[in-house]
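**Q** Give me a model of this one.
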Amino acid sequence: MSGRTLVTGATGYLGSTLVASLVQAGERVTVLMNPHEPAALPGELRPHVETAHADIADARAVDDVMRDVSHVYHLAGIASPNSRLGHRIWQTNVLGSYHVARAALQHGVQRVVHVSSTAAIGYPPNGVVADEDFDPCDSVLDNVYSATKRAGERLMLDFVERGLDVVVVNPAAVFAPGAGPARSWQGLLVAARKGLLRVVPPGGTAVCSARDFVVGITAAMAKGDNGRRYILSTANLSYRQIGELLVAAVGRHHPVRSAPMGLFRTAGRGNRLLRDLSGRFDPDDVLVAENLELMARELYYAPDRAVRELGIPKVSTHELIAEFVR
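**A** You can find the predicted model right below:
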């Protein structure tokens, strides 16, 4: 690939895994770092990339970084449905995407791969497996995350009409080893290892392996169609299936049961009361009302387009879990 490749959101597990893959392929990579956050690239990657510091919500800073860039992977975003973070999420997921698209167009970037989310497609009713053409008006829920990811994606695709080459990927929940705070998917793994993962919500979700994510996003850059979106997903699993797979993978031998949502809603109300009394706010709190409603649903998606058009060889469910727990 000619020119320099810019990766936003490069300091998380997925971003750094993508950067490692690009470096190994011989690409010249610049990673965009947020000057207000302490996250850093793994030490082994630092000698092989250039770093640039810019707030994604700062138009001038993003424009400066885009000079001499030929390709962009735009991963930067906030993945939370918590409405209390609404302004911050909008600044990153919507305004940040606009700044990236505008600067890319102005500086003649050859292609942008925009990392959106299945949430941008919408939340399908139970029994429906949504594809890229699912009508968001049929979504059973909406929240600040899905709304901002949809808006950011729409802004990106609007720039296609102005001459920018954009491919969108919509990953499902990515199971990344060692990634995320203790209350994210990583928290389930910690609970499984301690023998505490015994009760789960009644819903389910589409999940994507870290390997499928990286293969999918690089394939989108190489051969995705301009203006097209691609769902990246490895499997559709109930939370009970996820729990049972994790428990077995860590060598535990006890059942995992689905509990009524009333139990989790009660826990959520208690959690909010304690949070309000303590004055503490945890942006990664999974027991917020917006997240609890997602847990009650079976949010399943079809990756057929990506498999067919991008040639992505999906990993098995066994490989997905083995990769996550290693």
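
**Q** any weak-confidence spans in the stretch 101-250 of the chain?
**A** Within the stretch 101-250 of the chain, the stretches falling below the threshold (pLDDT under 70) are 178-184.

**Q** For it, which segments count as helices?
**A** Secondary structure of the stretch 101-250 of the chain (DSSP state H, counting those that start in this stretch): helices located at 118-121, 144-158, 185-193, 210-223, 239-249.

**Q** End to end on stretch 102-118, go ahead and measure it.
**A** Using C-alpha to C-alpha, to the nearest Å, one end of stretch 102-118 lies 24 Å from the other.

**Q** Same check on stretch 230-244?
**A** Using C-alpha to C-alpha, the span of stretch 230-244 from its first residue to its last is 29 Å.

**Q** Excluding chain neighbours, give the residue nearest to Tyr301 in space.
**A** The spatially closest residue to Tyr301, leaving aside those adjacent along the chain, is Ala206, at 4.4 Å (C-beta to C-beta, 6 or more residues apart in numbering). Every C-beta, even on glycine, is put in place using the N, C-alpha and C of the backbone.

**Q** Return the residues in contact with the one you found.
**A** Contacts were defined as C-beta atoms under 8 Å, 6 or more residues apart in numbering; by that measure Ala206 touches Thr118, Ala172, Ala173, Ser233, Ala235, Asn236, Leu237, Leu299, Tyr300, Tyr301.

**Q** Which strand residues bridge it?
**A** Partner residues in beta bridges with Ala206: Asn236, with DSSP bridges as the criterion.

**Q** From Gly77, how far out is it?
**A** Using C-beta to C-beta, to the nearest Å, we find Ala206 at a distance of 18 Å from Gly77.

**Q** again, but for Arg67
**A** 23 Å.

**Q** Compare these two (neighbour count), which wins?
**A** Gly77 (24 against 11; other C-beta atoms under 10 Å).

**Q** Phi and psi next, for the more buried one.
**A** The phi and psi torsions at Gly77 (degrees, to the nearest 10) take the values phi -180, psi 170.

**Q** if we can go back for a sec, any chance of the contacts of Ala206 in JSON lines, with neighbour count and distance to Ala259 too?
**A** Listed next are the contacts of Ala206 as JSON lines, based on neighbours: other C-beta atoms under 10 Å; distance: C-beta to C-beta, whole Å:
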{"residue": "Thr118", "neighbour count": "27", "distance to Ala259": "25"}
{"residue": "Ala172", "neighbour count": "26", "distance to Ala259": "23"}
{"residue": "Ala173", "neighbour count": "20", "distance to Ala259": "20"}
{"residue": "Ser233", "neighbour count": "28", "distance to Ala259": "26"}
{"residue": "Ala235", "neighbour count": "23", "distance to Ala259": "22"}
{"residue": "Asn236", "neighbour count": "19", "distance to Ala259": "21"}
{"residue": "Leu237", "neighbour count": "21", "distance to Ala259": "17"}
{"residue": "Leu299", "neighbour count": "28", "distance to Ala259": "18"}
{"residue": "Tyr300", "neighbour count": "22", "distance to Ala259": "21"}
{"residue": "Tyr301", "neighbour count": "26", "distance to Ala259": "25"}
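
**Q** Would you convert these into TSV that also reports distance to Arg257?
**A** Supplementary listing: those in TSV, determined by distance: C-beta to C-beta, whole Å:
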residue	distance to Arg257
Thr118	27
Ala172	24
Ala173	21
Ser233	26
Ala235	21
Asn236	20
Leu237	16
Leu299	20
Tyr300	21
Tyr301	26
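
**Q** out of these, which one sits closest to Leu310?
**A** The shortest gap between Leu310 and any of those belongs to Ser233, at 12.6 Å (C-beta to C-beta).

**Q** which ones are touching the closest residue to Arg297 other than its chain neighbours?
**A** By the measure of C-beta to C-beta, 6+ apart, the closest residue to Arg297 outside its immediate chain neighbours is Gly203, 4.8 Å from it. When the contact criterion is C-beta under 8 Å, 6+ apart, the partners of Gly203 are Ser238, Tyr239, Leu294, Met295, Ala296, Arg297, Glu298, Leu299.

**Q** What's opposite the nearest residue to Tyr239 once chain neighbours are set aside in the beta bridge?
**A** Taking C-beta to C-beta, 6+ apart as the measure, Tyr239 lies nearest to Val200, with 4.0 Å between them; neighbours along the chain are not counted. Partner residues in beta bridges with Val200, using DSSP bridges, are Ser258.

**Q** wait, Ile231 sits on Pro303?
**A** Yes: if you go by C-beta atoms under 8 Å, Ile231 and Pro303 touch, sitting 4.9 Å apart.
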